[in-house]
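**Q** Here is the input, now give the coordinates:
(chains A and B)
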Amino acid sequence: MIDTKNLTIEKAGEMLKSGELTSVELVTACLKNIEEKNKELNIFLEVFDDALEQAKHADEMVKSGGGQPLTGIPIAIKDNILITGRRVSSGSRILENYVATYDAFVIKKLKEAGAVLIGRTNMDEFAMGSSTENSAYGPSKNPLDPSRVTGGSSGGSVAAVASGMALGALGSDTGGSIRQPASFCGIVGMKPTYGAVSRSGLMAMSSSLDQIGPIGKTSLDAKIIFDCISGKDEMDSTSINLDLSTKEGHVIGVPRDFLKEGVDPEVLTNFEETIIKLKDQGYEIKDVIMPYLKYSLPVYYIIMPAEVSTNLSRLDGMRYGLRKEGENIFDTYKKSRSVGFGPETRRRIILGAYVLSHGYYDAYYNQAWKVRRTITKEYESIFTEVDFVVTPTVLTVAFKFGEKKDPLQMYLSDIFTVSANLAGLPSISIPSGFSSSQMPFGVEFTGPPHSDLSLFAIEKDLRDNN
Amino acid sequence: MDIKDIENLAELSKIDLSDVEKRVLLKDLDSILAYVRQIGEVKVADSEIEHKNKNIWRDDRVEPASFSYDLILKQFPDSQDNFLKVKKIL
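**A** Model prediction:
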């Protein structure tokens, strides 16, 4: 029996190439895993009925010598990424029966590479949340401890990889939605430089912050996926080709002032141990002062809801999605949106409408953009001194269900992740050991724009030292 | 902020709220706004706004599209003779 829980994409790729393993065998093992555990863990919203067909096709590709690093590898897809002819709901009732009419850029790339799209994974509604508790289809459970959350919003995608239901996955990261669950489930999650991966076919939450990114057991696995899905796309006007001339970095900045409040003592101890490991591996560690970093979260919770309220206005029950007929057209809009959207989505739409409204626009939205630029400049200046900035990924390990009832308390779990989105920077979460409760820690590295490939190289150094 | 503000914002957002939801939202928004208001402390001059915009439009020519007409029609909540059907607007 194939142990998909410990098998990397790298290793599986070698085995497929040598003929030691077929994609059909690999996908069968993942499907069996899903069948046994998905009922309890609620990770997949749908398993694609043609997964084995895709695997057969991939095996033929390999046989004919046309195999690529992802050929025949089962990949899980977050439920906000479009695949032609497949349902895609963004974890929401309003799109429960919506079927995608085109392939996202990243899906086209995966299909060309012969990857097997195994199913769509659970998420917080429209990617708004840090625990998948905002999914209209119930929360996903952490495969390491089902009494705890997976993190979110890409909780299903991350848990699929952590539990061996798929070897890799795609998530989306608007304020930490790949990195935070990766930390909670003990695997690698990466948010690329803004524009490095096309957003064409990703349901928009907050367009100036959203990025699709790779999820894998190791950095190399995440890099294999990133290599496949990145690149300029005419359909996304913000997409770019990465400048790959950046050197590998060895100077790491620690913003200690930013780590003083709210960090769990165990997380902090683990973080300091990781810093020592990095020093032992020849990295130079420098304390850096970044006084504007603390404003990242409040800035994020103004700009993001403003963009959410605008992006989600398209969901009105007219052209697609759920329609609840009312007495007149306005009544129909209201009924459709009220039945279709969950509480967190409604909260953010209304908050967004407020910060954009006349009389408050300057104090909130305009000021938030000014501070956002200040944060970006602060990073630019820091990156003349250091190659990466390191922090813990999250304040705590994965929390238990129902532990965070107040929305603001939940928002605070994004405190270390949102700044990379605001400044458009690449950022990766790497597992860094286990707590006394046997839950994984994560450490987050953020680099200057275009340093994506350097970020993938760090984990190897940390692992070699263990 | 008061209940009337919540009602106005809900109207703008085309969302129906029950009285209980309105009260809960008022409490949530008050606490979120109190937190985000700290950005007011940052002194940033207007002149610091920089734009690095460039033209990203493609040439004006017809590009082949691979959309399935039928699949798009199937997503309509209501239709008649292959047209999208909505309630009268005026």
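**Q** By proximity to chain A, which residue of chain B wins?
**A** Residue nearest to chain A within chain B (C-beta to the nearest C-beta): B:Pro77, separated by 3.5 Å. To be clear about C-beta, it is placed using only N, CA and C from the backbone, and glycine gets the same treatment.
**Q** Kindly confirm whether my reading is correct that that residue touches A:Tyr320.
**A** Yes: when contacts are counted by C-beta atoms under 8 Å, B:Pro77 is listed as touching A:Tyr320 (7.1 Å).
**Q** thinking again about what came up before, disregarding residues adjacent in the polypeptide, which is nearest to the residue of chain B closest to chain A?
**A** A:Arg323 (3.5 Å; C-beta to C-beta, 6 or more residues apart in numbering or on different chains).
**Q** Count the neighbours of the one you found for me.
**A** As a burial measure, A:Arg323 scores 22 neighbours (other C-beta atoms under 10 Å in any protein chain shown).
**Q** Can you give me every residue that contacts it?
**A** A:Gly317, A:Thr332, A:Ser336, B:Pro77, B:Asp78 (C-beta atoms under 8 Å, 6 or more residues apart in numbering or on different chains).
**Q** Quick check: the farthest pair among the residues you listed?
**A** Taking C-beta to C-beta as the measure, the contacts of A:Arg323 span a maximum distance of 11.7 Å, between A:Ser336 and B:Asp78.
**Q** Counting neighbours, go ahead and name the busier of these two.
**A** Comparing A:Ser336 with B:Asp78 by other C-beta under 10 Å, the one with more neighbours is A:Ser336, at 23 against 13.
**Q** how near is the more buried one to A:Phe330?
**A** 11 Å (C-beta to C-beta, to the nearest Å).
**Q** repeat for A:Ile430
**A** Counting by C-beta to C-beta - A:Ile430 and A:Phe330 are separated by 50 Å.
**Q** Please say which of those two ends up with more neighbours.
**A** Between A:Ile430 and A:Phe330, A:Ile430 has the larger neighbour count (other C-beta under 10 Å), namely 28 against 14.
**Q** In the helix or strand containing A:Val24, which residues are buried?
**A** Here A:Val24, judged by DSSP states H and E, is contained in helix A:23-41. Judged by neighbour count using 16 or more other C-beta atoms under 10 Å in any protein chain shown, the buried positions of helix A:23-41 are A:23-31, A:33-34, A:37-38, A:41.
**Q** neighbouring contacts of that helix?
**A** A:1-2, A:4-5, A:12, A:16, A:43-44, A:47, A:51-52, A:54-56, A:58-59, A:62, A:71-74, A:116, A:118-119, A:140-141, A:143, A:146, A:159, A:163-167.
**Q** how many neighbours does A:Thr393 have?
**A** By other C-beta under 10 Å, the residues close to A:Thr393 number 30.
**Q** need the contact list for it.
**A** A:Gly176, A:Arg179, A:Gln180, A:Ala182, A:Ser183, A:Phe416, A:Thr417, A:Ser429, A:Gly442, A:Val443, A:Glu444.
**Q** Can you add neighbour count and give these back as CSV?
**A** Formatted as CSV, those follow (neighbours: other C-beta atoms under 10 Å in any protein chain shown):
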residue, neighbour count
A:Gly176, 32
A:Arg179, 34
A:Gln180, 31
A:Ala182, 38
A:Ser183, 33
A:Phe416, 30
A:Thr417, 29
A:Ser429, 33
A:Gly442, 31
A:Val443, 27
A:Glu444, 28
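**Q** farthest pair in these?
**A** The widest separation within those (C-beta to C-beta) is 13.8 Å, between A:Gly176 and A:Val443.
**Q** what sits against A:Ile215?
**A** A:154, A:157-158, A:161, A:168-171, A:178, A:182, A:187-190, A:222, A:225.
**Q** Wasn't it part of a strand?
**A** Yes: assessed with DSSP: H, G, I helix; E, B strand; the rest coil, A:Ile215 lies in a strand.
**Q** Locate A:Glu266 within the secondary structure: which element?
**A** Using DSSP H and E, A:Glu266 falls in helix A:265-280.
**Q** same deal with B:Ile32?
**A** Counting by DSSP H and E, B:Ile32 is part of helix B:19-36.
**Q** Does that helix reach chain A?
**A** Yes: legend: contact between helix B:19-36 and chain A by C-beta under 8 Å from any C-beta of the partner chain is shown at B:Glu21, B:Leu25, B:Asp28, B:Leu29, B:Ser31, B:Ile32, B:Leu33, B:Tyr35, B:Val36.
**Q** Report the buried residues of that helix.
**A** B:Glu21, B:Lys22, B:Val24, B:Leu25, B:Leu26, B:Asp28, B:Leu29, B:Ile32, B:Leu33, B:Val36.
**Q** Now the residue in chain A that chain B sits nearest to: phi and psi?
**A** With C-beta to the nearest C-beta, the shortest gap between chain A and chain B falls at A:Arg323, namely 3.5 Å. Per-residue torsions, A:Arg323: phi -120, psi 130 (degrees, to the nearest 10).
**Q** Likewise for the one 10 residues further on?
**A** With angles defined as degrees, to the nearest 10, A:Tyr333 sits at phi -50, psi -50.
**Q** Could I get the pLDDT score of B:Trp57?
**A** Note on B:Trp57: pLDDT of 81.
**Q** Next: B:Asp46.
**A** B:Asp46 is given a pLDDT of 65.
**Q** Now do the same contact list for the residue nearest the centre of chain B.
**A** Nearest to the mean C-alpha position of chain B, by C-alpha atoms, centre = their mean, lies B:Ser13 at 7.9 Å. Shown in contact with B:Ser13 (C-beta under 8 Å, 6+ apart): A:Ser309, A:Arg337, A:Arg346, A:Ile349, A:Ile350, A:Ala353.
**Q** show me which of these neighbour chain B.
**A** A:Ser309, A:Arg337, A:Arg346, A:Ile349, A:Ile350, A:Ala353.
**Q** where exactly do the strands run in chain B?
**A** Counting by DSSP state E, one finds strands in chain B at the ranges B:79-80, B:83-84.
**Q** Could you list the alpha-carbon positions for stretch A:132-142 in CSV?
**A** Only the C-alpha atoms of stretch A:132-142 are listed here, as CSV (Å, rounded to 0.1, in the frame of the first residue of the first chain):
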residue,chain,number,x,y,z
THR,A,132,-13.0,27.2,7.6
GLU,A,133,-15.7,27.7,10.2
ASN,A,134,-17.3,30.2,7.8
SER,A,135,-17.9,27.5,5.1
ALA,A,136,-21.5,27.0,4.2
TYR,A,137,-20.7,23.3,4.1
GLY,A,138,-19.4,22.9,7.7
PRO,A,139,-15.8,23.2,8.9
SER,A,140,-12.9,21.0,7.9
LYS,A,141,-11.2,19.3,10.8
ASN,A,142,-7.4,19.2,11.4
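**Q** For that stretch, buried residues please.
**A** Applying 16+ other C-beta under 10 Å to stretch A:132-142 flags A:Thr132, A:Glu133, A:Asn134, A:Ser135, A:Ala136, A:Tyr137, A:Pro139, A:Ser140, A:Lys141, A:Asn142 as buried.
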